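**Student:** Test case, fold it:
(one chain, ligands or ions: 1)
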Amino acid sequence: MIDIVPTIYEATKIKSPQVVNGFPQDSIDGISLAYTFADAKATGQRKTQFFDIMASRGIYHDGWFASAFGPREPWVGGIPKGAREWSPEKDVWELYNLEEDWSQAHDLAAAMPEKVAQMKDLFLIESAKNKNLPIGGGLWSTALFHPEDAPATSVTKWTFEGAMAGMPESAAPKLGKNNSLVSMNLEVPDNANGVLYALAGFSSGITCYVKDGFLCYEFNLFEITRTKICSKEKLPTGKVKVEIESKLAAKIGGPMDVTLKVNDVEVARERVPAAMSLHFTSNATFDIGSDQDSPVSLDYYDQAPFEYNGTIGTTTIQYTGK
Ligand SMILES: [Ca+2]
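**Tutor:** Have a look, this model is predicted:
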C-alpha cells in the first residue's frame, strides 16, 4: 500500500504538495511502482521495509527478515499474562533468509547473532525515521493500560437540529464509553416507529429507537451481550422530550447504568454489564433519525435503516463528567 500513492503521483505526473493548509507534509516513504509498468521482471527497488503493530514488529532488508512478538499474539483476545511487565528488550527475535526460505520455516537467529543484531539496529533506525519510538508506545491508550488517554475530540457538548446521517464514530460522542446525557425533542405520531439515534453497527454499538410506540435502548457489546430496555408504556403523541442518561458505575470499561426518561419521568433503567473501553468500530457512523450502514439491533434488522416516522427537533448531547 505504501507504494501506491507515489505510483499514482508518478503516473498522473502530479507533484505531491509540500504544504497543505499551512502544514508542512511528511516525506513520502513509498517507492513508485511505475518502473515495472513496461518491465514485469524489473528488479524490485524496495530494499528495506519495517512494520510495528502494538510492538509485534519486523524488518525486511535485502532478502532478510527479522521479527519479534510484542506482549500479545494478535489473534488472541484479552489481556495477555505478564503484559504489564513486558519490555521490548526481552523479546526474542527470529531471522529468516527469504531468498531461500520464503515460508519462514528455518529460524537462523541462533546461528547468525551478528546478522540479528544488524537487523535490530536497522529496525531502530527505521523506527526513529518514521516516528515509531518508543516501541510499544501504541499500547499506552489501549484497553490494556490507559483507555482514558485514547485519542478523542476535545468537544464535550453537541447540538444537532433534525436528522443527521454519517458522522464517523471517531468524531462522534463516545456514548458507550463516557458518562453522557442525550436529550431529544420529538414530535411523536400515532404508531411511532424508527431509530432516534444509533452509534456504530451490527458488530457492536448503541441504539435508541421507537418500536410500535415503545421507547427502547440497546447496548450491543460485540454481540456478546445485548442489553436491551424498553418503556412499559407507549410514548405519548405530540411534543415529547426523551432523555437517555448513561453513568459508569466505577470506571471506563466497567458497568454502566442507563436510564430512559420521557418528559422528565423515568420510564426504564438497566445496568450494562460492561461498557466500551475504546470504540465500537473503526468505520461505522453516528446517525440521528436512522441507523445507517449495518444496524445495531436485531429488533429492526429487516427494516434498516429504520427511519423515524415522526419529527426530530433539537438533540443535545453532553458528557456529564465523572
Ligand atoms: Ca449503523
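
**Student:** Q318 against T156, yeah?
**Tutor:** Yes. Assessed by C-beta atoms under 8 Å, Q318 is found in contact with T156 at 6.4 Å. (C-beta placed from N, C-alpha, C; glycine too.)

**Student:** Report pLDDT for G78.
**Tutor:** Listed pLDDT for G78 reads 68.

**Student:** er, E73 actually
**Tutor:** pLDDT recorded at E73 is 79.

**Student:** Could you do T227 as well?
**Tutor:** 97.

**Student:** Repeat that for T12.
**Tutor:** The predicted local confidence for T12 is 97.

**Student:** Quick one: neighbours of it, just the number.
**Tutor:** Look at T12: counted by other C-beta atoms under 10 Å, it has 7 neighbours.

**Student:** likewise G63?
**Tutor:** 12.

**Student:** Quick check: phi and psi at it.
**Tutor:** Torsion angles at G63 (phi, psi; degrees, to the nearest 10) stand at phi 90, psi -10.

**Student:** do the same with N309
**Tutor:** Per-residue torsions, N309: phi -90, psi 0 (degrees, to the nearest 10).

**Student:** neighbours of the closest residue to the ion within the stretch 1-150 of the chain, just the number please.
**Tutor:** Taking C-beta to the ion as the measure, the point where the stretch 1-150 of the chain comes nearest the ion is A150, at 21.1 Å. Other residues lying near A150 total 16 when counted by other C-beta under 10 Å.

**Student:** One more: S297?
**Tutor:** There are 25 residues near S297, going by other C-beta under 10 Å.

**Student:** hmm, back to that, comparing Q318 and T156, which shows the higher neighbour count?
**Tutor:** Q318 (17 against 14).

**Student:** Report all helices and strands that the helix or strand where the more buried one lies contacts.
**Tutor:** Using DSSP states H and E, Q318 sits in strand 311-319. Judged by 3 or more C-beta pairs under 8 Å, 6 or more residues apart in numbering; DSSP states H and E, strand 311-319 is in contact with strand 157-161, strand 180-188.

**Student:** The stretch 101-250 of the chain against the ion: which residues are in contact?
**Tutor:** With C-beta under 5 Å from the ion as the criterion, the stretch 101-250 of the chain meets the ion at residues G201.

**Student:** Mind doing that once more with 8 Å?
**Tutor:** Selection of the stretch 101-250 of the chain residues close to the ion by C-beta under 8 Å from the ion yields A198, L199, A200, G201, F202, G205, T207.

**Student:** Setting aside sequence neighbours, what's the nearest residue to the residue of the stretch 1-150 of the chain closest to the ion?
**Tutor:** Closest residue to A150 apart from its sequence neighbours, by C-beta to C-beta, 6 or more residues apart in numbering: S141 at 4.2 Å.

**Student:** what lines up beside the lowest-mean-pLDDT helix or strand in the chain in the sheet?
**Tutor:** Using mean pLDDT, DSSP states H and E, strand 48-53 stands out as the lowest-scoring helix or strand of the chain, at a mean of 93. According to DSSP bridges, strand 48-53 forms sheet pairs with strand 56-61 (antiparallel).

**Student:** buried sites along the least confident helix or strand of the chain?
**Tutor:** Within strand 48-53, the residues that qualify as buried are Q49, F50, D52, counting by 16 or more other C-beta atoms under 10 Å.

**Student:** Enumerate the beta-bridge partners assigned to the last one.
**Tutor:** Here D52 shows beta-bridge partners R57, assigned using DSSP bridges.

**Student:** Make 58 the first number, not 1, from now on.
**Tutor:** From this message on, residue numbering opens at 58, which makes the last subject D109.
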